[in-house]
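Novice: I would like the atomic coordinates for the input below:
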Amino acid sequence: MRCHCRQGRPHLALLQFRACVRVLATDLRVRPDPETVDLYHSIRRHERV
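Specialist: Numbering: from 1, shown residues only. Okay, the predicted model is just below:
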């Protein structure tokens, strides 16, 4: 997600997060780490990551 953002493609970072959440929920029955969720919110707020 950080790489996508740093390359000017935050929309791809957000898509990556959604894919990550889906796979974690479906395959492992877990939620993403709080750090990952925080990164997602930072990207949504257009903060530098």
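Novice: which stretches of the chain form helices?
Specialist: For the chain, the helices defined by DSSP state H cover 2-6, 10-23, 34-44.
Novice: got a markdown table for those helices, with mean pLDDT and mean neighbour count too?
Specialist: The way it works is simple: take the backbone N, C-alpha and C, and place the C-beta from them, glycine included. Formatted as a markdown table, the helices of the chain follow (pLDDT from 0 to 100; neighbours: other Cβ atoms under 10 Å):
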| stretch | mean pLDDT | mean neighbour count |
| --- | --- | --- |
| helix 2-6 | 96 | 14 |
| helix 10-23 | 98 | 14 |
| helix 34-44 | 98 | 14 |
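Novice: what sits against the residue nearest to the spatial centre of the chain?
Specialist: Nearest residue to the geometric centre of the chain (Cα atoms, centre = their mean): F17, 3.1 Å. If you count contacts by Cβ atoms under 8 Å, 6 or more residues apart in numbering, F17 has them with 1, 32, 36, 39-40, 43.
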